[in-house]
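A.B. asks: take a look and give me a structure for this.
(chains A and B)
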Protein chains: 2
Amino acid sequence: MQTDLQIAEYLLQIQAVKINTQSPFTWSSGWKSPIYCDNRMVLSYPEIRTFIKNAFVSAIRTHFPEACAVAGVATAGIAHGALIADVMDCPYIYVRTSAKSHGMKNLIEGRVNPEKSYIIVEDLISTGGSSLKVAEALKEAGVKIAGVVAIFSYGFPEASEAFEQAGIKVIALSTLPSLLQKATEMEYIGQSQWETIQEWQKKPSVWGQ
Amino acid sequence: MQTDLQIAEYLLQIQAVKINTQSPFTWSSGWKSPIYCDNRMVLSYPEIRTFIKNAFVSAIRTHFPEACAVAGVATAGIAHGALIADVMDCPYIYVRTSAKSHGMKNLIEGRVNPEKSYIIVEDLISTGGSSLKVAEALKEAGVKIAGVVAIFSYGFPEASEAFEQAGIKVIALSTLPSLLQKATEMEYIGQSQWETIQEWQKKPSVWGQ
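C.D. replies: Now for the predicted structure:
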């Protein structure tokens, strides 16, 4: 099975992804959505976690061969980023999207190596906001950025535009079309739900309001 | 070299630990301290990171043979915990010490397995507060706790008492005596600074006020 489809199947199997077109979820941003995705669940299933780790490393080597250091997006990307840095035997940092209220008020945790090109590791891309904040923090610190990798992306037009504007290349291991294909095969959704989700994807910020 | 001394040497080498008895540091708790320790620095040095990972796994297998799942303390313990779970090929979760303000308000991220015994992974033990908060959250969720492992512990009497009261066994890979021994050997500190630090350790909450 293709990697993107295999990951979609795993996410559905362990209910990291939940689909409900009848009673939509409300995201932290306030958006209504027929899909909720919690990729942190992956960490609790060693076989799936390792599959995703290897898929990440393979994607980085293919699409970002210049990357020789890893930056995890706090908090959901920290564990995945560390596992990737371990396989690649390379330096690791993690980056907050907002400074913690106490202590040294670092956005970047760990020690930056200005000679290395960093791949940003994210669990999930919706608007792309958190990856872009991390990219900004890294740029301000003089860090070279190879790009962004994520387990899953909803493929929202907003995100593509924002990344393009920032000049940042993004690769997601799995995407909405793969998820919908698998969810249909696994009989989680039917034709009408598929159509609802495709409507939602086009204008997620106003859907269901 | 013994593991505890080797780790102390690494921490000093990469300045994860800083010692200054003249101009003490102020911790986030408000305490004054002649030592500041940022074990997140370890993540940026692959060789040291791997040494500590292996030392963690060895300590867990020796002192907590029943542990077959890992819980990282957010955020500084998340990466170390994930690396340990990877070697042990076992389930992983991470735990916040306070609920985030938005979203699903989870303290525990990932999926808990109630049949497994979890080892809590912490970067640093000062008062033991964050480990104990995590232990409490896990107990409330019905999770079995094997104990706590940390890279470094200051060995404060407060912490020992708190852990004893909670009935939780703690193993630190390196401790203040090892750090002082190495810092002396490496000529980071002299006799009078050693004595100052030992005074501080006895009553850290009131020292330097």
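
A.B. asks: against chain B, how distant is the residue nearest the centre of chain A?
C.D. replies: Closest to where the C-alpha atoms of chain A average out (CA atoms, centre = their mean) is residue A:124, at 2.5 Å. To chain B, residue A:124 is 12 Å away according to CB to the nearest CB, to the nearest Å. Where C-beta positions appear, they are placed from N, C-alpha and C, glycine not excepted.

A.B. asks: ditto for residue A:166
C.D. replies: 24 Å.

A.B. asks: what's the local residue count around the residue nearest to that residue when sequence neighbours are not counted?
C.D. replies: Nearest residue to residue A:166, sequence neighbours excluded (CB to CB, 6 or more residues apart in numbering or on different chains): residue A:132, at 5.8 Å. The number of residues packed near residue A:132 is 20, by other CB atoms under 10 Å in any protein chain shown.

A.B. asks: where along chain A do the helices fall?
C.D. replies: Applying DSSP state H to chain A gives helices spanning A:3-13, A:46-63, A:78-88, A:129-140, A:157-166, A:176-185, A:191-202.

A.B. asks: hmm, who's touching the longest one?
C.D. replies: If I follow you right, that is helix A:46-63. A:3, A:6-7, A:10, A:14, A:42-43, A:67, A:80, A:83-84, A:87-88, A:119, A:121, A:146-147, A:149, A:151, A:169, A:171, A:173, B:85-86, B:89-92 (CB atoms under 8 Å, 6 or more residues apart in numbering or on different chains).

A.B. asks: before we move on, what about the fourth one?
C.D. replies: Residues lying outside helix A:129-140 but in contact with it, judged by CB under 8 Å, 6+ apart, are A:71, A:73, A:95-98, A:107-108, A:112, A:118, A:120, A:122, A:125, A:145, A:148, A:150, A:162-163, A:166, A:168, A:170.

A.B. asks: got the angle for it vs helix A:157-166?
C.D. replies: Per axes from the mean of the first three to the mean of the last three CA atoms, to 10 degrees, the angle that helix A:129-140 makes with helix A:157-166 is 10 degrees.

A.B. asks: now for the residue nearest to residue A:3 when sequence neighbours are not counted, how many residues are close by?
C.D. replies: In space, and not counting its chain neighbours, residue A:3 is closest to residue A:55: 5.1 Å by CB to CB, 6+ apart. Neighbour count for residue A:55, taken as other CB under 10 Å: 18.

A.B. asks: now do residue A:84
C.D. replies: Neighbours of residue A:84 (other CB under 10 Å): 25.

A.B. asks: can you flag the buried ones in the contacts of helix A:129-140?
C.D. replies: Among the contacts of helix A:129-140, those classed as buried by 16 or more other CB atoms under 10 Å in any protein chain shown are A:71, A:73, A:95-97, A:107-108, A:112, A:118, A:120, A:122, A:125, A:145, A:148, A:150, A:162-163, A:166, A:168, A:170.

A.B. asks: which ones among those map onto strands?
C.D. replies: Per DSSP state E, strands hold the following members of the buried ones among the contacts of helix A:129-140: A:71, A:73, A:95, A:108, A:118, A:120, A:122, A:125, A:145, A:148, A:150, A:170.

A.B. asks: list the beta-bridge partners for residue A:124.
C.D. replies: Under DSSP bridges, the beta-bridge partners of residue A:124 are residue A:152.

A.B. asks: gap between it and residue B:26?
C.D. replies: For residue A:124, the distance to residue B:26 equals 37 Å [CB to CB, to the nearest Å].

A.B. asks: contacts only, for residue A:90.
C.D. replies: Residue A:90 neighbours (CB under 8 Å, 6+ apart): A:68, A:69, A:70, A:116, B:46.

A.B. asks: now residue A:96
C.D. replies: Neighbour list for residue A:96: A:74, A:106, A:107, A:108, A:109, A:137, B:75 [criterion: CB under 8 Å, 6+ apart].

A.B. asks: okay, the second one and residue B:127: tell me how far apart.
C.D. replies: Same thing as residue A:106. Note on residue A:106: its distance to residue B:127, by CB to CB, is 21 Å.

A.B. asks: could you do the third one as well?
C.D. replies: Plainly put, residue A:107 is 26 Å away from residue B:127 if you go by CB to CB.

A.B. asks: also the last one?
C.D. replies: Residue B:75 sits 18 Å away from residue B:127, taking CB to CB as the criterion.

A.B. asks: span of stretch A:135-147 from start to end?
C.D. replies: From its first residue to its last, stretch A:135-147 covers 9 Å (CA to CA, to the nearest Å).

A.B. asks: no wait, stretch A:133-152
C.D. replies: For stretch A:133-152, the end-to-end distance is 18 Å (CA to CA).

A.B. asks: if you count neighbours, what's buried in it?
C.D. replies: Within stretch A:133-152, judged by 16+ other CB under 10 Å, the buried ones are A:133-135, A:137-138, A:143-152.

A.B. asks: of those residues, closest to chain B?
C.D. replies: residue A:143 (11.9 Å; CB to the nearest CB).

A.B. asks: next one, pLDDT for residue A:62 please.
C.D. replies: The per-residue pLDDT reported for residue A:62 equals 98.

A.B. asks: check the burial of it by counting its neighbours.
C.D. replies: Around residue A:62 there are 9 residues (other CB under 10 Å).

A.B. asks: distance of it from chain B?
C.D. replies: Here residue A:62 is placed at a distance of 22 Å from chain B (CB to the nearest CB).

A.B. asks: do you know how far that residue is from residue A:152?
C.D. replies: Per CB to CB, residue A:62 is found 18 Å from residue A:152.
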